[in-house]
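# task: produce atomic coordinates for the following.
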Amino acid sequence: MGANAAKERAAEAVRDAKERAGLTWVAIAEKLGKPKEWTVAALLGQHPLTEADAGTVGQLLGLDDETVRDLQRPPYRTGLGDSANDPTIYRFHEALAVYGPAIKELIAEEFGDGIMSASAGRIRPVTGSSSPLTGSSSTTSGDRPPPHLTRGGRLT
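Below you'll find the predicted structure:
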């Protein structure tokens, strides 16, 4: 049994219950007060939910106690191979691994089965991190990296 087997079972239970309840991902995200992209990624197994959020989702979707517990487990991420050697490429792969299935679910829910175009997108450099779980943010954008990433004016 794989390290993420419980997360995968929970994700399938969430998908099934969501369909039975006739709810959208957006409605679930609004109930949690979290961004829709983060919510879908979490419910598909890419982030752990807090006990309170897992309980809210459990009540909303009628999930059993085991599934509610599994939604709180941290994911086990592997498989980036050689791309882990370059930090920028690694982050692109990580973003796709974590948010790709969530974005696909949101596109399908809003537009039906289809594809998206990446050529019409925008790129905005962002450094730092932001957590929808804690509300804390150290995100900055612009020409200079934040101070914690530099040493004597040079990138570390």
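
# mind listing what the spatially most central residue of the chain touches?
Centroid-nearest residue in the chain: Ala41, 3.3 Å away (criterion: CA atoms, centre = their mean). Counting by CB atoms under 8 Å, 6 or more residues apart in numbering, Ala41 makes contact with 47, 98-99, 101-102. Using the backbone N, CA and C atoms, a C-beta is placed for each residue, glycine as well.

# again, 7 Å this time
47, 98-99, 102 (CB atoms under 7 Å, 6 or more residues apart in numbering).

# which of the three states applies to the residue lying closest to Val98 once chain neighbours are set aside?
Counting by CB to CB, 6 or more residues apart in numbering, Val98 lies nearest to Gln46, which is 4.6 Å off, once chain neighbours are set aside. With DSSP: H, G, I helix; E, B strand; the rest coil as the basis, Gln46 sits in coil.

# where does Leu71 fall, phi/psi-wise?
The phi/psi pair for Leu71 (degrees, to the nearest 10) reads phi -70, psi -20.

# go on, Gly62?
Residue torsions, per degrees, to the nearest 10, at Gly62 are phi 70, psi 40.

# that one against Ala17, yeah?
Yes - between Gly62 and Ala17 there is a contact at 5.9 Å, judged by CB atoms under 7 Å.

# the two: which is more packed in?
Using other CB atoms under 10 Å, the more surrounded residue of Gly62 and Ala17 is Ala17, with 18 against 11.

# measure Gly22 to Glu8 for me?
Per CB to CB, to the nearest Å, Gly22 is found 24 Å from Glu8.

# more neighbours, these two?
When Gly22 and Glu8 are compared on other CB under 10 Å, the one with more neighbours turns out to be Glu8, at 14 against 7.

# before we move on, the earlier item: I'd say the residue nearest to Val98 and Leu96 touch.
No - here Gln46 does not reach Leu96: they are 11.1 Å apart, not a contact under CB under 7 Å.

# any idea how far Ala13 lies from Lys31?
From Ala13 to Lys31 the distance is 17 Å (CB to CB).

# so which elements touch the lengthiest helix in the chain?
Criterion DSSP state H: the longest helix present in the chain is helix 87-111. Packing contacts for helix 87-111, counted by 3 or more CB pairs under 7 Å, 6 or more residues apart in numbering; DSSP states H and E, involve helix 25-32, helix 36-43.

# for it, list every residue counted as buried.
Neighbour-count burial for helix 87-111, with 16 or more other CB atoms under 10 Å as criterion, is recorded at 93, 97-99, 101-103, 105-106.
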